[in-house]
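**Q** Predicted coordinates and the sequence they were generated for:
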Amino acid sequence: DSGVTQTPKHLITATGQRVTLRCSPRSGDLSVYWYQQSLDQGLQFLIQYYNGEERAKGNILERFSAQQFPDLHSELNLSSLELGDSALYFCASSEGVGRNEQFFGPGTRLTVL
Amino acid sequence: AQSVTQLDSHVSVSEGTPVLLRCNYSSSYSPSLFWYVQHPNKGLQLLLKYTSAATLVKGINGFEAEFKKSETSFHLTKPSAHMSDAAEYFCVVSTAGRRALTFGSGTRLQVQP
């Protein structure tokens, strides 16, 4: 158990809908990262927050957004969902913003029908 | 820029025989290197990390990796495979200028009885 929690575990929804994925980092970690894992793209970095502020952006679509709240939990919002958004979404946390190792949550499996 | 190449998408070994998972990296700066393991339907677990200390790094579950700067390699080894080692393994690089991790495409390890 990494100490990072994600909810829900599974999410099934329809095209065009909007969903919110939630992540709670390990106690004491200020950085939260979101990753998408799909069969064709592998593991891709989406976005990072540090202590409430966006710090880095990866291959995140404009339809996706995230935020980190004062209690350090983070939410990833996915809107206007398409079939291709079906994937495993991981949250990870680390102490800082440098080269610290990241600890991953169990993931949320999103299925868009 | 940073990148990671995992040279084998699939490795099959017999239980009790050595494991070698190969990884080459490219990085403009001194990298931090990690190996993560992902068991089926699970999140990613950190096996070991290299952050410019000893070049031979020992991790959990008997795994170790050697950082070879001249070969830009960070291969993962284990003297004797166990059935429970069957999983997907990811070689990962991080450099000071980038806050996110860059993942290799993964190597699926199969352990035959």
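**A** Yep, it's here.
**Q** Report how many residues lie close to residue 13.
**A** In the absence of a named chain, this looks at chain A. Neighbour count for residue A:13, taken as other C-beta atoms under 10 Å in any protein chain shown: 16. For glycine as for every other residue, the C-beta is placed from the backbone atoms N, C-alpha and C.
**Q** Please refer instead to chain B.
**A** 18.
**Q** next one: residue B:25
**A** Residues near residue B:25, counting by other C-beta under 10 Å, number 21.
**Q** So it: helix, strand or coil?
**A** Using DSSP: H, G, I helix; E, B strand; the rest coil, the structure places residue B:25 in strand.
**Q** Lowest-scoring secondary structure element of chain B by mean pLDDT?
**A** Every helix and strand of chain B was ranked by mean pLDDT, DSSP states H and E. The lowest is strand B:102-103, at a mean of 88.
**Q** Which secondary structure elements does that one sit against?
**A** Strand B:102-103 is packed against strand A:42-50, strand B:2-6, strand B:87-95, with contacts defined by 3 or more C-beta pairs under 8 Å, 6 or more residues apart in numbering or on different chains; DSSP states H and E.
**Q** rerun that using 6 Å as the cut-off
**A** Applying 3 or more C-beta pairs under 6 Å, 6 or more residues apart in numbering or on different chains; DSSP states H and E, one finds that strand B:102-103 makes contact with strand B:87-95.
**Q** Any idea what residue B:110 is bridged to?
**A** Beta-bridge pairing of residue B:110 under DSSP bridges involves residue B:12.
**Q** what's in contact with the least confident helix or strand of chain B?
**A** Applying C-beta atoms under 6 Å, 6 or more residues apart in numbering or on different chains, the set of residues contacting strand B:102-103 from outside is A:43, B:2, B:4, B:90, B:92, B:93.
**Q** make it 8 Å
**A** By C-beta atoms under 8 Å, 6 or more residues apart in numbering or on different chains, the residues outside strand B:102-103 that reach it are A:42-45, B:2-4, B:36, B:90-94.
**Q** who's in contact with residue A:20?
**A** Residue A:20 makes contact with A:75, A:76, A:77, A:78, according to C-beta under 8 Å, 6+ apart.
**Q** My read is that the second one contacts residue A:34, right?
**A** Yes - using C-beta atoms under 8 Å, residue A:76 and residue A:34 qualify as a contacting pair, with a distance of 5.1 Å.
**Q** Now for these two: what residues contact both?
**A** Taking C-beta under 8 Å, 6+ apart as the contact rule, residue A:76 and residue A:34 both touch A:23, A:46, A:47, A:66, A:89, A:91.
**Q** these two touch, right, residue B:100 and residue A:43?
**A** No - here residue B:100 lies out of contact with residue A:43, judged by C-beta under 8 Å, at a distance of 10.6 Å.
**Q** Same drill for these two, tell me which one is more crowded.
**A** Taking other C-beta under 10 Å, residue B:100 and residue A:43 do not tie; residue A:43 has more neighbours (24 against 21).
**Q** Report the separation between that one and chain B.
**A** Relative to chain B, residue A:43 is positioned 4 Å away (C-beta to the nearest C-beta, to the nearest Å).
**Q** quick one, phi psi at the most centrally placed residue in chain A?
**A** Centroid-nearest residue in chain A, with C-alpha atoms, centre = their mean: residue A:34, separated by 3.2 Å. Geometry field for residue A:34 lists phi and psi as phi -120, psi 140, criterion degrees, to the nearest 10.
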